[in-house]
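Visitor: what shape does this take:
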Amino acid sequence: MLRIETQRCLEPTFSPPHTIATKSGLRLSNPDANLKAPNSPTLHKSLINPSNTPSNNINSTSNVSTHINTNLSTTPTVNPLNDVYNWSRIHHLAFKDQIIQPKSESEIISLLQYVHHTSSPSHPISIRPIGSGLSYEKLSCVSESPSPLSSSFLLDLCHLASVVSIQPHSITVQAAMTVNQLFLTLQSLSPRRDLPVCPGVIGIQTVSGAISTGTHGQGLYQSTLADAVASLRIVLANGSVVNIDRTHKDFGAYVTSMGLLGVITEVEFKTVPQRILTAQKYATTYEVFKNQFVEVNKQSEFVKGWWFPDTDLVHIWEVNPCSDSQLVQYLANNEAPVLSEQIDTAMNETISQISKCMEKDTLSKTGKQFETIDRFKNCTNLTGNMTQIYCKGIPVPQINCEIAIPLSQFQPAIEALKTWWWENNDTNEKNGTEGGSGGKKLHYPFIFRCTGNSEAWLSGSYGEEVCWIGFLVYLRGDGGVTDGGMERMREVQEILREFGGIPHLGKHWVEGVWKWSEIVERWEEFKGVRKEVDEKGLFLNDFMRRWFDE
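Guide: Take a look at the predicted model:
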């Protein structure tokens, strides 16, 4: 077995609440900045513990029973210095001693066998798997209100991050390997390999977390990361182990299940020969975007758009296989990304304008959030492999939403967003411009990524082509949400709901807006599978019980 070491194990966040940190305390820099070869021991940033306080995390099953029985008679106290919070530090996920870190699949089996035998209606025990801690915080929160009569834990699989096997057309990896590690491993092979889907932008996600929450890239001729899965190895709630492949009647339920059907320990991905691509980047107007974006997606393999409503400019990436001459340049550059000599400055003034607004809203003039938009300035075309082009996200504390709408609803949906934007942005007397920088402000352009139909039952793209529309607000420098930020998130979701919208499972969505049994075709079937494999509800937290009406 090829071993890729990791130091990503969860520990509590020890930074004060105003410090920018990720969920579960991971302090992030550009995830691509320090990547090394696949056998490097430093692919992951280790968690920072300034006090050097030893972790009380459970890392074996030998003392789980004692730990659980102790918690059943103890009311935990929230400690903001020692507990685990989400990446923006506005939501408490778990207490320091509620993190379990098994070192092997056999430990997971023993743990679940014990919990399944011990849990009862009067003394319920719940286990929530957690990956890199980037998902919607309610999925990972062990409990909404600590109770002396319940015991809930986060299951962190950080010790399971190895390559299991490599076959001519597939690769099997353990659950906690990150997306970055997976692609680096594929690129180290001879000949080089790739996945048959476009990855998401954040490479520090674990592969099990990414598929379980519906992570996707862009391109109508592919869909979510889960659609590249060939098979899964899962430990069920009762401790039994099953292998689920595409011949299983419920494969679509298991492959994107938010950790509700069992603990994924291994994922087999289909692979294809690596291709070198060129991203053509350009600016266009809103009207051209509205009328031609769908057609552009049909003509190009991978397309992404960013609409800046203040100026009605749209930045577009069209990505297709590179030309022979571009391939020669890429190989001559030691397979490092190649930038074109031509520079496009069309977005520069728009970016300067949104930066000024963001300074005011976030009470800050520097930070990663400004890097995310400065990258739109002085654009150049780019030749590289899939991850060199697309997997370049900069994780920044934010409220991030994304809604899938049927592709046929693209034009009326963005027209509704445009109307909302201008009706809710005041005439700004401070700078003398109409709309723009007042009222209900977002800190990033609307993001548009179209994908083909997915086999994952709970994906917003299940069974149809969709356009995913993303939107977000960054947090202030003091760690708080900007004024009106949560209201904006709700209002945009309410608008897109009327066009057949379905939220991204791993991002923020508002409970009162969505009726999941009405918008997800196979919702009731999924609930049936969940009850069949986890009749005691071991993988449900308070939020999940309410969500699934349990």
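Visitor: hey, what's residue 278 bridged with?
Guide: With DSSP bridges as the criterion, residue 278 is bridged to residue 320, residue 383.
Visitor: touching, it and residue 383? I think so.
Guide: Yes: Residue 278 lies in contact with residue 383 (Cβ atoms under 8 Å); the separation is 4.6 Å. From N, CA and C alone the C-beta is placed, and that goes for glycine too.
Visitor: shared neighbours, those two?
Guide: 322, 326 (Cβ atoms under 8 Å, 6 or more residues apart in numbering).
Visitor: these two: which has the busier surroundings?
Guide: A direct count of neighbours by other Cβ atoms under 10 Å for residue 278 and residue 383 places residue 383 higher, at 23 against 20.
Visitor: check contacts around the more buried one.
Guide: 276, 277, 278, 279, 322, 326, 327, 329, 330, 337, 338, 340.
Visitor: where does this protein have low pLDDT?
Guide: When residues are selected by pLDDT under 70, those of the chain lie in 1-82, 87-90, 146-150, 361-363, 394-395, 426-441, 477-479, 550.
Visitor: phi and psi next, for the closest residue to residue 388 other than its chain neighbours.
Guide: Leaving aside its sequence neighbours, residue 388 sits nearest to residue 337 (Cβ to Cβ, 6 or more residues apart in numbering; 4.7 Å). The phi and psi values for residue 337, taken as degrees, to the nearest 10, are phi -60, psi 140.
Visitor: what's the neighbour count on residue 337?
Guide: 14.
Visitor: how about the one 10 residues further on?
Guide: If you count neighbours by other Cβ under 10 Å, residue 347 ends up with 25.
Visitor: is it true that it touches residue 374?
Guide: No: the criterion here is Cβ under 8 Å, and residue 347 misses it with residue 374 at 10.2 Å.
Visitor: which SS state does residue 392 fall under?
Guide: Following DSSP: H, G, I helix; E, B strand; the rest coil, we place residue 392 in the coil state.
Visitor: can you give me the neighbour number for it?
Guide: When neighbours are counted by other Cβ under 10 Å, residue 392 comes out with 16.
Visitor: wait, it touches residue 199, no?
Guide: No: with contact defined as Cβ under 8 Å, residue 392 does not count as touching residue 199 (10.3 Å).
Visitor: now list whatever residues contact both of those two.
Guide: Counting by Cβ under 8 Å, 6+ apart, nothing touches both residue 392 and residue 199.
Visitor: re earlier: what sits against the residue nearest to residue 388?
Guide: Residue 337 neighbours (Cβ under 8 Å, 6+ apart): 330, 382, 383, 384, 388, 389.
Visitor: and for the helix or strand encompassing residue 253, what's in contact with it?
Guide: Applying DSSP states H and E as the criterion places residue 253 in helix 251-254. Residues from elsewhere that reach helix 251-254 (Cβ under 8 Å, 6+ apart): 232, 234, 244-245, 248, 261-262, 455-458, 462, 522, 525-526, 529.
Visitor: what do you get if the cut-off is 10 Å, keeping everything else the same?
Guide: With Cβ atoms under 10 Å, 6 or more residues apart in numbering as the test, helix 251-254 has contacts from 211-212, 226-227, 229-232, 234, 242, 244-246, 248, 260-262, 264, 454-459, 462-463, 522, 525-530, 533.
Visitor: just the C-alpha atoms of that helix, please, in PDB.
Guide: Extracted C-alpha coordinates of helix 251-254, given in PDB (Å, rounded to 0.1, in the frame of the first residue of the first chain):
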ATOM      1  CA  PHE A 251     -25.800   3.300  -5.500                       C
ATOM      2  CA  GLY A 252     -27.200   6.800  -6.200                       C
ATOM      3  CA  ALA A 253     -28.300   7.100  -2.500                       C
ATOM      4  CA  TYR A 254     -24.900   5.900  -1.000                       C
END
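Visitor: chain center to that helix, what's the gap?
Guide: How far helix 251-254 lies from its chain's middle: 19 Å, per Cα atoms, centre = their mean, to the nearest Å.
Visitor: next SSE downstream of it?
Guide: Where DSSP H and E defines the elements, the next helix or strand beyond helix 251-254 is strand 263-270.
Visitor: from the contact counts, what lies against the helix or strand following that following strand?
Guide: Later in the chain than strand 263-270, the nearest helix or strand by DSSP H and E is strand 272-273. Packing contacts for strand 272-273, counted by 3 or more Cβ pairs under 10 Å, 6 or more residues apart in numbering; DSSP states H and E, involve strand 193-194.
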